[in-house]
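# I need the structure of the sequence given here:
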Amino acid sequence: MGGNMKLRKGISGGRGERSGSALVLSLIAVMTVSVLAASFLQVSSAVTARQKAAIDNKHSFYLAEAGLIEAYAGIQVGKTGNVGTMAMPAKFGEGLFWVEATEVDGGLVQLRATGMHGAGKATLDLVVERGVMDMAALGVFSSEDLEIQEGALIDGYDSRDGDYEVQVEDGEAEALLRGTLETVTTTVGGVVGGVLGGGGLGAVTEPVTTILSPPELGDQVADEDVKIGMGNVGSNGSITVHGSDQSPTQIFGAVAPGPSGQVTLVGTPEITGDVLPAVTTVALPAVQLPTVPKQKGTTLSNGLVNLLDSGAMGFSYIDVTGGSELVLQGPSSIVVGDLTVGGSSQLTFDTTNGPIDLFVTGSLVFDDTSSVATSSTDPSQVRLEMANTGTAELSAASQFFGMIYAPEASVALGAGFEVFGAIVANSLSLAQNARLHFDVYLAELALDKARPTNLSWRIVDFAPIASGNGANNPFKVLNVDPTTLPRPSLAHEDQVLDLSYIDLGGFVTTYLGSENAFDWKLVDSVLGGTRDGLSLLLSGTNKTTTIR
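Numbers count the residues shown, from 1 in each chain. Below you'll find the predicted structure:
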């Protein structure tokens, strides 16, 4: 019996040892699982943090890009490119951004945008080149006083819609303008109609001189005063228009003298568009001559067709005489000292393979028995520019499709030289029965040229917000109140706005002051204006091509 008891005791001790071992193994397993769970939790937290950081970085990147786009749009309409500051950034969604603009030589602007969202912060750079201010949008323009003789016809059309003659026949060469001038129907020996709703002036026996007064501040422009036309006529000075029953003068479009100028009608001319002074004078940029190989002058008097190959070249002079023809082939850029196309001779612009830019640094003469031809009716393909203070006598009996630009020169336009496009000069003289047709397509192209060009883009930095109080909250990091921050469109650097416009009630209104304090929603149509002295037209903000 004693032996049996010993046996049971031995068996019982073995079971206890085995239970203790199982407990230890279980504890080890639990600890292993705990360690693994902690490791997995730590890894998961790290992955989540990285994912959140990546999302914040991506959001901050997009915010910085939004800042660049906002600054680019601002430069396009004449703003500085500065949008917000670090102390007062622009709020956009749950993040913010600001853009610093730095002027660089050669018309370049460096835009540096910083965007912040959550714990992310991104900085991007964009370098743009300011657009070129093309004066073609001015239509028919003279820096000095402009005098339009009897029998003149000035109107507009759109070369993209087909031939001018077809548009006139179909009534398409017309565009709605908000007019403020009632058509003058005066006849010699008859009753003179009033201006701007005035009464009759009585019977006369000689041509009547009428000085047109633009609407004053607070005048209302009614819907029934809407007129038709697409021609643009402007001057930095005054404009005088002659007309009679025998030689009627018609201007289908706007007439805009300088800020202190006036429009004077002599006789019975007809104007169907706005007669409003410009808010500011227009400074005509000097012609930029290309660098071309220089050659000696040449005289072509062989009576044959002479071809000038495409390319860049220069001549001290070119004389085309004796029934000869000179054909300029595009694409080409040609600089000539003096250019003369004599009697019975011809100058042809062949733009089949590309545009032609012809620069004249001396005098330009198209004889009244000569002819000038263009192979295309697209006026954007030919530019004739006077680079200095010379003179241009354009008397050839021809139809010219192109742009004539002479910012320092005097241009005399003969009755037979019919211009389809635009002509802008320091001094412009129009003969009786002159014909000018402003192509609004050139104005569209001018706005495109005014847009800045992107030159380079790069990522400057991805720098997360420093941890600490306010981490993952850019508003706390910068110590700004998000409820007081401006939205992007209102965060542009403030400028002085000098604006003349027609408000929603149809009244002529002006504004001078901070642009940030001005509500553009009050504007029905812009009559003219400047932003820091820069014409709104040149900065590309006009929605139409008929108002400058």
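# And for the nearest residue to Gly342 once chain neighbours are set aside, the neighbour number?
Nearest non-adjacent residue to Gly342, counting by CB to CB, 6 or more residues apart in numbering: Thr321, 3.9 Å away. For glycine as for every other residue, the C-beta is placed from the backbone atoms N, C-alpha and C. Neighbourhood size, Thr321 [other CB atoms under 10 Å]: 18.
# can you tell me how far Asp134 sits from Val424?
10 Å (CB to CB, to the nearest Å).
# Just want the phi and psi numbers for the residue nearest to Gly342.
When read as degrees, to the nearest 10, the backbone of Thr321 gives phi -140, psi 180.
# How far away from the center of its chain is stretch 478-485?
34 Å (CA atoms, centre = their mean, to the nearest Å).
# Would you mind telling me which of Asp134 and Val424 has the busier surroundings?
Comparing Asp134 with Val424 by other CB under 10 Å, the one with more neighbours is Val424, at 25 against 22.
# Identify the bridge partners of the more buried one.
Judged by DSSP bridges, the bridge partners of Val424 are Phe141, Tyr405.
# can you tell me which residues contact it?
Counting by CB atoms under 8 Å, 6 or more residues apart in numbering, Val424 makes contact with Met135, Ala136, Leu138, Val140, Phe141, Ser142, Leu284, Ile404, Tyr405, Ala406, Pro407.
# My guess is Ala491 contacts Gly81. True?
No: counting by CB atoms under 8 Å, Ala491 stays clear of Gly81, with 11.8 Å between them.
# related to what we said a few turns ago, quick one: contacts for the residue nearest to Gly342?
Residues near Thr321 by CB under 8 Å, 6+ apart: Thr299, Leu300, Ser301, Thr340, Gly342, Gly343, Ser345.
# So what would you say the end-to-end distance of stretch 406-424 is?
Start-to-end span of stretch 406-424 (CA to CA, to the nearest Å) is 6 Å.
# same question, stretch 251-263
In stretch 251-263, first residue to last residue: 13 Å (CA to CA).
# quick one: average confidence on that stretch?
Averaged over stretch 251-263, pLDDT sits at 89.
# For the protein, give me the ranges with low pLDDT.
Along the chain, segments meeting pLDDT under 70 span 1-19, 44-50, 170-207, 213-229, 466-471, 535-548.
# So which residues of it form helices?
Ranges of helices within the chain are 2-76, 164-170, 440-449, 474-477, based on DSSP state H.
# got these as CSV, with mean neighbour count and distance to Phe417 columns?
As requested, these are exported to CSV (neighbours: other CB atoms under 10 Å; distance: least, CB to CB, whole Å):
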stretch, mean neighbour count, distance to Phe417
helix 2-76, 13, 36
helix 164-170, 14, 15
helix 440-449, 20, 18
helix 474-477, 19, 64
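# Leu534 is nearest to which of these?
For the helices of the chain, the distance to Leu534 is smallest for helix 2-76, at 11.6 Å, taking CB to CB.
# So which of the contacts of Val424 is the closest to Ala101?
Using CB to CB, these come closest to Ala101 at Met135, 25.8 Å.
# what's around the closest one, how many residues?
Residues lying near Met135 (other CB under 10 Å) number 21.
# what about the residue nearest to Gly342, distance to Leu347?
Taking CB to CB, one finds Thr321 at 12 Å from Leu347.
# Next: Gly267.
36 Å.
# again, but for Val24
If you measure Val24 against Leu347 using CB to CB, the figure is 108 Å.
# before we move on, back to that, format the contacts of Val424 as CSV; extra columns: distance to Phe92.
Below are those laid out as CSV (distance: CB to CB, whole Å):
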residue, distance to Phe92
Met135, 37
Ala136, 37
Leu138, 38
Val140, 45
Phe141, 42
Ser142, 47
Leu284, 40
Ile404, 47
Tyr405, 42
Ala406, 47
Pro407, 43
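# ok, back up a step: find the pair from the contacts of Thr321 with maximum spatial separation.
Using CB to CB, the two most remote members of the contacts of Thr321 are Thr299 and Gly343, lying 14.3 Å apart.
# So what's the residue count around Thr453?
13.
# Please apply the same query to Val233.
Per other CB under 10 Å, the neighbour tally for Val233 reads 28.
# same check, this time on Ser380
Ser380 has 20 neighbours, counted by other CB under 10 Å.
# Please tell me I have it right and it contacts Ile356.
No: contact criterion CB under 8 Å: Ser380 and Ile356 do not qualify, at 11.0 Å.
# okay, and the common contacts of those two?
Both Ser380 and Ile356 lack any common contact, where contact means CB under 8 Å, 6+ apart.
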